[in-house]
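In: Output the structure for:
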Amino acid sequence: MSDIQKIGSAGSVESNDCLVTISASDHLEVEIQSIVDAFFHDQIEKVVLDTLKEKGLNNVKVSLQDKGALDYTIKARLLTAIERMEAK
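Out: Here you go, the predicted model:
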């Protein structure tokens, strides 16, 4: 059973939303693909890192596909993905 990779995801790739996937890792890794990356990459990354810090997660890989989601949407999707990962 320990060979099963814990993965959680939430959201969609619809306009004004984001798809977040999170999995256990041996280090912290954040991948961001966004239609507004040139303007908001640092802010999106800050929301992700702050949320992970709040949850005490250091060894995870987060993949985020953003279609213009606002900060609270990104955080909500990430929190839901974390809950789904931890439930497995």
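In: Please, where are all the helices along the chain?
Out: Secondary structure of the chain (DSSP state H): helices at 37-55, 71-87.
In: most tightly surrounded among the ones you listed?
Out: helix 71-87 (a mean of 17; mean count of other CB atoms under 10 Å). C-beta: built from backbone N, CA, C; applies to glycine.
In: With just CA atoms, put that one into CSV.
Out: Provided in CSV are the C-alpha atoms of helix 71-87 (Å, rounded to 0.1, in the frame of the first residue of the first chain):
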residue,chain,number,x,y,z
ASP,A,71,-6.2,34.7,-5.1
TYR,A,72,-9.1,33.3,-3.0
THR,A,73,-10.0,30.8,-5.8
ILE,A,74,-6.4,29.6,-6.0
LYS,A,75,-6.2,29.1,-2.3
ALA,A,76,-9.5,27.3,-2.1
ARG,A,77,-8.6,24.9,-4.9
LEU,A,78,-5.2,24.2,-3.3
LEU,A,79,-6.8,23.6,0.1
THR,A,80,-9.3,21.2,-1.4
ALA,A,81,-6.5,19.4,-3.3
ILE,A,82,-4.5,19.0,-0.1
GLU,A,83,-7.6,17.5,1.7
ARG,A,84,-8.1,15.1,-1.2
MET,A,85,-4.4,14.1,-1.1
GLU,A,86,-4.4,13.5,2.6
ALA,A,87,-7.6,11.5,2.5
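In: So what touches it?
Out: Residues outside helix 71-87 that contact it (CB atoms under 8 Å, 6 or more residues apart in numbering) are 6-11, 16-24, 43-44, 47-48, 51-52, 55, 57, 60, 62, 64, 66, 69.
In: could you check the distance from the nearest residue to Leu49 once chain neighbours are set aside over to Asp42?
Out: Excluding its sequence neighbours, the residue lying closest to Leu49 (CB to CB, 6 or more residues apart in numbering) is Val30, at 7.0 Å. For Val30, the distance to Asp42 equals 12 Å [CB to CB, to the nearest Å].
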